[in-house]
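Colleague: make a model of this:
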Amino acid sequence: MNALQPWHLIILVLVVVLLFGAKRLPDAARSIGKSMKIFKAETKDMRGGDADGEATASTASNSVEAETRQLPQSGQASTEAADGTDKQVAELQRQLDELKKQQAAATPDQAQKNVS
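Modeller: Residues are numbered from 1 along each chain as shown. Below is the predicted model:
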């Protein structure tokens, strides 16, 4: 008697479509599918890592050595990226200042038009 009836499902689907819209539902389903795929791959990697035992430990030590070798290179890249980001921030700040000046110059003109 309290079981989920087919018309309950129909009403539930209609409510979901009304809340989220028909255009967003396929995108949401795709993103959930991608997330599940990534989750399954990660859990599979974890299970495979536990089964290998000693091989995993030696692989981990090799990967740590490889990462320490790559640190100076990544440090230079991050410094270059930070310099590029700083330049972008400075350019955006300059554009913002120009827009503020234009808005300040336009504001008195608009005030005079409104008074007339």
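Colleague: give me the pLDDT for Gln95.
Modeller: Here the pLDDT value assigned to Gln95 is 90.
Colleague: begin at 56 from now on, thanks
Modeller: Yep, numbering from 56; the last one is Gln150 now.
Colleague: quick check: the gap between it and Val71.
Modeller: 43 Å (Cβ to Cβ, to the nearest Å). C-beta here means a position set from N, CA and C on the backbone, and glycine is covered the same way.
Colleague: and for Glu97?
Modeller: Counting by Cβ to Cβ - Glu97 and Val71 are separated by 28 Å.
Colleague: repeat for Asp100
Modeller: 33 Å.
Colleague: kindly report the same for Pro81.
Modeller: Counting by Cβ to Cβ, the gap from Pro81 to Val71 is 13 Å.
Colleague: more neighbours, those two?
Modeller: Taking other Cβ atoms under 10 Å, Pro81 and Val71 do not tie; Val71 has more neighbours (12 against 9).
Colleague: Lys142 and Gln150: what is the separation?
Modeller: Relative to Gln150, and taking Cβ to Cβ, Lys142 is found at 13 Å.
Colleague: what's the answer for Gly88, then?
Modeller: Between Gly88 and Gln150 the distance is 40 Å, computed by Cβ to Cβ.
Colleague: any idea which helix or strand carries Ala58?
Modeller: Ala58 belongs to no helix or strand when assigned by DSSP states H and E.
Colleague: burial count for it?
Modeller: 5.
Colleague: list phi and psi for it.
Modeller: phi -70, psi 160 (degrees, to the nearest 10).
Colleague: how far away is it from Ala77?
Modeller: For Ala58, the distance to Ala77 equals 29 Å [Cβ to Cβ].
Colleague: likewise for Asp100?
Modeller: According to Cβ to Cβ, Asp100 stands 36 Å off from Ala77.
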